[in-house]
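3D model of this:
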Amino acid sequence: MIDLYTWSTPNGRKISIMLEECGLAYNVRPIDISKNEQFGDEFIAINPNSKIPAIVDHDGDRGTPFVLFESGAILIYLAEKVGRFLPATPIARYQTLQWLMFQMSGVGPSFGQAHHFMRAAKEHVPYGIERYGKEAVRLYGVMNDRLGKTAFLAGDVYTVADIATFPWIARHEWHRVDLTTFPNVARWFGEVGSRPAVIKGMRIPA
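A predicted model of the protein is given here:
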């Protein structure tokens, strides 16, 4: 059994989707970040960086509970645990990790800043809106070009790279992007979003 500490954010939903895809049993431990529950002593003991998601795998190394935070690391761990969604052959594996890191270093941070300046900032900051809005559009262009050549981000097989990226694209309206202007991303988004595990994972926590 795995305990999933999460909230209804793209980073949290990466892991609930992955757990559903892997068919692993898990308990949801909601951490309401709107109430700053991530800064409570109980959660800090799980993740000293006070960010969701985090997991505790009670069937970890030799039966010892294993605690892990950072969504990218969790995705890799779960993929290796079940032997799915991360290719074993070196070239395919590194292509997958390359696109996973693209999400971690580009899509997540830039889209997150776009969300902040376009939706959450208490004052209108044109510089922030323009900077991160333009970067979001640029990143959509990168993905659109890639997905015009391959079925999924890492190639012809669905992987952790797609799982990591999908929840961020699900908020395209938050960063003022019309998916019809990126038809290859729209095609991919529809295909990934129709997967039963993705549908269920996106609803967690309820």
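
Following the helix or strand bottoming out on mean pLDDT in the chain in sequence, what is the next regular element?
In the chain, the helix or strand scored least confidently by mean pLDDT, DSSP states H and E is helix 108-115, which has a mean of 94. Downstream of helix 108-115, the next assigned helix or strand under DSSP states H and E is helix 126-147.

where do the helices sit along the protein?
10-22, 41-44, 71-82, 90-102, 108-115, 126-147, 160-169, 183-193, 196-201 (DSSP state H).

Deepest-packed of these, please.
Of those, the one with the most neighbours on average (mean count of other Cβ atoms under 10 Å) is helix 160-169, at a mean of 26. For every residue, glycine as well, the C-beta is placed using N, CA and C.

helices or strands up against that helix?
Secondary-structure packing of helix 160-169 (3 or more Cβ pairs under 8 Å, 6 or more residues apart in numbering; DSSP states H and E): helix 10-22, helix 71-82, helix 90-102, helix 183-193.

Identify the residues contacting the least confident helix or strand of the chain?
10-11, 128-129, 131-133, 135-136, 139, 168, 171, 174-176 (Cβ atoms under 8 Å, 6 or more residues apart in numbering).

Export the helices of the chain as a markdown table, with columns for distance to residue 57.
As requested, these are exported to a markdown table (distance: least, Cβ to Cβ, whole Å):
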| stretch | distance to residue 57 |
| --- | --- |
| helix 10-22 | 11 |
| helix 41-44 | 17 |
| helix 71-82 | 8 |
| helix 90-102 | 20 |
| helix 108-115 | 23 |
| helix 126-147 | 31 |
| helix 160-169 | 17 |
| helix 183-193 | 25 |
| helix 196-201 | 17 |
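
Of those, which is nearest residue 29?
Ranking these by proximity to residue 29 (Cβ to Cβ) places helix 41-44 first, at 8.7 Å.

what does that closest one rub up against?
With Cβ under 8 Å, 6+ apart as the test, helix 41-44 has contacts from 5, 31, 37, 50, 54.

Show me which pair in those residues is furthest apart.
The widest separation within the contacts of helix 41-44 (Cβ to Cβ) is 12.4 Å, between 37 and 54.

neighbour-wise, which of those two wins?
residue 54 (25 against 16; other Cβ atoms under 10 Å).

mind listing what the more buried one touches?
Per Cβ under 8 Å, 6+ apart, neighbours of residue 54: 5, 43, 46-47, 67-69, 74.

could you redo the last one with a cut-off of 10 Å?
Going by Cβ atoms under 10 Å, 6 or more residues apart in numbering, residue 54 touches 3-6, 12, 15, 29, 31, 38, 43, 46-47, 67-71, 74.
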